[in-house]
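Participant: One predicted model, sequence on top.
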Protein chains: 2
Amino acid sequence: MAKKQTTKSVSASKKSSARKGLAPVVNVALLGFGTVGSSVATVLAASKFPGIQLTHIFNRDVERKRTSAAAKRVPAAVVWTEDINVILKSNVDVVIELMGGLNPIEGWLRKAIVSGKSVVTANKQLIAYRGATLAKLAAKHDVHLVHGAAVAGGVPVIPGMLQGLGGDQVTRLSGIVNGTCNYILSRMETGADYATVLADAQQLGYAEADPSADVDGYDARAKLCILSRIAMHAELDPDAVATQSISTVEAVDFSYAKELNCTIRQVSRAQLEGTTVHARVAPMLVPMASPIAWSHGTQNMVVVSGRFGGDVVFSGHGAGGEPTAVAVVSDLLAVAQGCKSVQLPVRKRKVTGEFLAPHYLRFVVDDKPGIVSAIAGALAKVGANIDSILQRPGYPKHRLPFVVTTEPCLTSVIEKALHSLAKMDCMLERPLCLQMLQIEDKPE
Amino acid sequence: MAKKQTTKSVSASKKSSARKGLAPVVNVALLGFGTVGSSVATVLAASKFPGIQLTHIFNRDVERKRTSAAAKRVPAAVVWTEDINVILKSNVDVVIELMGGLNPIEGWLRKAIVSGKSVVTANKQLIAYRGATLAKLAAKHDVHLVHGAAVAGGVPVIPGMLQGLGGDQVTRLSGIVNGTCNYILSRMETGADYATVLADAQQLGYAEADPSADVDGYDARAKLCILSRIAMHAELDPDAVATQSISTVEAVDFSYAKELNCTIRQVSRAQLEGTTVHARVAPMLVPMASPIAWSHGTQNMVVVSGRFGGDVVFSGHGAGGEPTAVAVVSDLLAVAQGCKSVQLPVRKRKVTGEFLAPHYLRFVVDDKPGIVSAIAGALAKVGANIDSILQRPGYPKHRLPFVVTTEPCLTSVIEKALHSLAKMDCMLERPLCLQMLQIEDKPE
């Protein structure tokens, strides 16, 4: 007989008899009362989901938080603490972790799981590096570990893939999963330069004082690994994923990209071929006709490509307190109602940064005869075919930016040619090499 | 203690002891072996999910199906039948229904549920009209009823909303959920006329011989009701949702739309205000900058707007055998693994087709002095302000199409004015009135 499982909420066994006819109460602790944590409190206060009760808030220097304006939306009975043991030893059923980083968070959450508490987290580094191990621990202790907010904030790409794409064989995914880079690059698209936009982003709170995690791709790399695990059932070592900083992209590159009917975005892409995953986080040329080019500002977008379903696009607000709080609270509801996700076997996969792709090469030279010939020769030597040469008017000859695009070839091959070209006296900057994304949706 | 529920697969209790260490087997019946049904068989054969076994296929005139080319991908042991009782009396755990329509399907699925079988269905009419009742019956008999494929085929908008947006308060949704209309209108955008494109769509299998369910909005209406139930927890009577056919849209409307930086799409939209849902399926002017305008061909797209999360976009292949099969098989995996969805209370809501929106009015007149003045007078009389008057050159004076757009006002108000204007001798056609969609995403 096809019986539905007797799904109980996390605490049903504990309280249902005492609260007959009412939903059992799930006690919730928040670790971290910053932008997202206070938004979670706001959303819970606004929606009053029956049976969910915020009981504890942990934060370092907690008094500052307890007396903040945001704390006014927190029920008076909540225990505020800066001692994690107060949470770990409490009767809390679900711990929501919004602090980020591996240490000391991993240890705390392991203790929470071992003591029978479910965990909802938005911590992408933790899930990218330790997700598989923590999931095993959670299974062993029969509690939930969910992390829908770890990628793309309020865009339900993780639950959508888990529950809606398990039936496909996903072989490729690409997306914009770092709002900071997308803000910077989509503003540069309209003519601003990198330094100015970065400063604005820092002032608006979109970028950290040290922007490296965002602009150099480490944040997006963690998210790409999480997406690969869920979409392609491929476990990747985040440190093995190739990254390239957006900081070397200049205004001139957007002018040339436009001539190629493209724009430039920090793209995180992964592609499964046999037992290897090709994965890379880098600024790339994106055709204007690709959904990836639709994202502006801090928006996130993920395109998942399946053997049977073709391209599926998820898009929306990937950052910010309230959108991220939506993902956290949605996860909390799932945990409280005892809803688990579809699980399919995950395999460790080798990673390479190689892609067979057309490439965009931008040179800045002190112009003299023979440069194009030298570039063409170096590319020919490694077997890369030139697709176009673009030189816009109006730049000074002694500092001339121009562009060469290639037909599809391996990035390593191009880099070999660039390595020799970079030694030429006339090269005023290290040549910029960007992969060019192609549109490959399943035909209708 | 926060214990995870002891989630069992649908048949775990039955077979786990006999198959120790192996996943229990879930027996599956397919009702309907057409485009989607045979694609489900293809996907199951390609992915060989452990523990899922196709055991029965029901189809009218089954011999024709059993000897078809598609049947080659079906395991030899499968029982083919045209007697529904063979399925209902079998040891099947999950019935996948892909036949469509209310009768006799509803009766069959009720019997399946009562006999302890879970149901996976792609049947939008059934779920729109009977979803709430069937869900109660399924809950009573402790089996699953899931329908991720009922809206937008391979685009996981239903699972994404259920599991990923439960924490938001969704107040508005709009989308393109009928691939046939989108194919027709996006081809008309490039200059083709309605009759030609409809004929092409029929030849390609995108449109039925009687295209009414698609072009007149009845298909999309059912889907809009399902989306409203899940996103806004609002139960609507599908028959109460206003529809408007796309068949009165002409090539000239795309020319005028383009001047307004818009295109035209069949849009299904719903908006919750207080206890009323404003809902409408109609051709509408869509700003080119709106995600809704991105959809081409048979693609589907749904934009869900939440109080906290802003706009979330889901997009992809909404029709076709294999994309729809992805949704069906993903649902099947969820049922087989005992994964239930987040449930939030649903309320019956009143429906109105009224929207406060700018309107596009296209008149075709035998031109003579005083027409614009009469139109302006009629609109002024009902309190509608004119926003623009467009008259492109090159049309004959005796059959002149021209356009008036209004500032936001109620559709009923506009229709009142049009009712009086339609009586004028110079009006050669009933004036076309389209709502104009506005972009209202939450600011960043």
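Facilitator: Great, that's in hand.

Participant: So for stretch A:108-118, mean pLDDT?
Facilitator: The average pLDDT for stretch A:108-118 rounds to 98.

Participant: That one: how far from the chain's middle?
Facilitator: Using C-alpha atoms, centre = their mean, to the nearest Å, the distance from the centre of stretch A:108-118 to the centre of the chain it belongs to is 25 Å.

Participant: Apart from its chain neighbours, what residue comes closest to A:L428?
Facilitator: A:V364 (4.8 Å; C-beta to C-beta, 6 or more residues apart in numbering or on different chains). For every residue, glycine as well, the C-beta is placed using N, CA and C.

Participant: which residues does the one you found form a beta bridge with?
Facilitator: A:V364 forms beta bridges with A:P401, as assigned by DSSP bridges.

Participant: For B:A270, see how far away it is.
Facilitator: Distance, A:V364 to B:A270, using C-beta to C-beta, to the nearest Å: 53 Å.

Participant: neighbour count winner among the two?
Facilitator: For A:V364 versus B:A270, neighbours defined as other C-beta atoms under 10 Å in any protein chain shown are more numerous around B:A270 (26 against 19).

Participant: Could you list the low-confidence segments of chain A?
Facilitator: Along chain A, the parts satisfying pLDDT under 70 run over A:1-23, A:441-444.

Participant: per-domain residue ranges of it.
Facilitator: A:21-146, A:157-316+A:344-352, A:356-435 (automatic domain parsing).

Participant: what comes into contact with the one helix or strand A:S38 maps to?
Facilitator: A:S38 belongs to helix A:35-47 when elements are defined using DSSP states H and E. Residues outside helix A:35-47 that contact it (C-beta atoms under 8 Å, 6 or more residues apart in numbering or on different chains) are A:28, A:30-31, A:33, A:52, A:54, A:57, A:59, A:68, A:70-71, A:73-75, A:96, A:98, A:122, A:149, A:320-322, A:324-326, A:328-329, B:167-169, B:307-308.

Participant: okay, the domains of chain A, which one's buried deepest?
Facilitator: Comparing the domains of chain A by mean neighbour count (mean count of other C-beta atoms under 10 Å in any protein chain shown), domain A:157-316+A:344-352 comes out on top with a mean of 22.

Participant: do it and chain B meet at all?
Facilitator: Yes: Domain A:157-316+A:344-352 comes into contact with chain B (C-beta under 8 Å from any C-beta of the partner chain), by way of A:157-169, A:291, A:294, A:297-299, A:306-316, A:344.

Participant: next one: stretch A:79-94
Facilitator: Yes: judged by C-beta under 8 Å from any C-beta, stretch A:79-94 and chain B are in contact via A:92-94.

Participant: Mind putting these into CSV with secondary structure?
Facilitator: As requested, the residues of stretch A:79-94 next to chain B are arranged in CSV below (DSSP: H, G, I helix; E, B strand; the rest coil):
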residue, secondary structure
A:V92, coil
A:D93, coil
A:V94, strand
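
Participant: between those, which is nearest chain B?
Facilitator: Taking C-beta to the nearest C-beta as the measure, A:D93 is the one of those closest to chain B, at 3.7 Å.

Participant: doesn't A:V26 make contact with that closest one?
Facilitator: Yes: counting by C-beta atoms under 8 Å, A:D93 does reach A:V26; the two are 4.8 Å apart.

Participant: Which of the contacts of helix A:35-47 fall within strands?
Facilitator: In strands, judged by DSSP state E, the following of the contacts of helix A:35-47 are found: A:28, A:30-31, A:52, A:54, A:57, A:96.

Participant: farthest pair in these?
Facilitator: The two members of those with the most space between them (C-beta to C-beta) are A:L31 and A:I52, at 16.6 Å.

Participant: Report the separation between the closest residue to A:N261 other than its chain neighbours and A:I264.
Facilitator: Using C-beta to C-beta, 6+ apart and skipping the chain neighbours, the partner closest in space to A:N261 is A:M288 (5.3 Å). Going from A:M288 to A:I264 by C-beta to C-beta gives 11 Å.

Participant: before we move on, what about A:E440?
Facilitator: Distance from A:E440 to A:I264, by C-beta to C-beta: 19 Å.

Participant: Next: A:M427.
Facilitator: Using C-beta to C-beta, A:M427 is found at 21 Å from A:I264.

Participant: Quick check: nearest residue in space to A:A192, chain neighbours excluded?
Facilitator: Nearest residue to A:A192, sequence neighbours excluded (C-beta to C-beta, 6+ apart): A:A251, at 7.5 Å.

Participant: Provide the backbone phi and psi angles at the one you found.
Facilitator: Phi and psi for A:A251, reported as degrees, to the nearest 10, are phi -50, psi -40.

Participant: That one touches A:T190, doesn't it?
Facilitator: No: the pair A:A251 / A:T190 is not scored as a contact, 9.9 Å apart, by C-beta under 8 Å.

Participant: and for the two, which residues touch both?
Facilitator: Common contact partners of A:A251 and A:T190 (C-beta under 8 Å, 6+ apart): none.

Participant: For the stretch 101-250 of chain A, which segments count as helices?
Facilitator: Here the stretch 101-250 of chain A has its helices, by DSSP state H, counting those that start in this stretch, at A:105-114, A:124-140, A:157-164, A:179-188, A:194-203, A:212-215, A:218-232.

Participant: To B:K397, which of those lies closest?
Facilitator: helix A:179-188 (46.9 Å).

Participant: and the closest one, what does it pack onto?
Facilitator: Judged by 3 or more C-beta pairs under 8 Å, 6 or more residues apart in numbering or on different chains; DSSP states H and E, helix A:179-188 is in contact with helix A:194-203, helix A:212-215, strand A:262-273, strand A:299-306.

Participant: Let me know whether A:A282 touches A:V215 as I believe.
Facilitator: No: the criterion here is C-beta under 8 Å, and A:A282 misses it with A:V215 at 11.4 Å.

Participant: Point me to the residue of the stretch 301-444 of chain A nearest chain B.
Facilitator: The nearest approach of the stretch 301-444 of chain A to chain B comes at A:V329, 2.9 Å away (C-beta to the nearest C-beta).

Participant: if we can go back for a sec, and the domains of chain A: which comes nearest B:L185?
Facilitator: domain A:157-316+A:344-352 (18.5 Å).

Participant: Between the two ends of the closest one, how far is it?
Facilitator: 24 Å (C-alpha to C-alpha, to the nearest Å).

Participant: For that domain, what is the distance to the chain centroid?
Facilitator: Per C-alpha atoms, centre = their mean, the centroid offset for domain A:157-316+A:344-352 relative to its chain is 7 Å.

Participant: and what of stretch A:302-317?
Facilitator: Computed by C-alpha atoms, centre = their mean, the chain-centroid distance of stretch A:302-317 equals 15 Å.

Participant: can you check stretch A:332-348 too?
Facilitator: With C-alpha atoms, centre = their mean, you get 20 Å for stretch A:332-348.

Participant: Compute the first-to-last residue distance for it.
Facilitator: Distance between the two ends of stretch A:332-348: 29 Å, counting by C-alpha to C-alpha.

Participant: Need phi/psi at A:P50.
Facilitator: Torsion angles, degrees, to the nearest 10, at A:P50: phi -60, psi 140.
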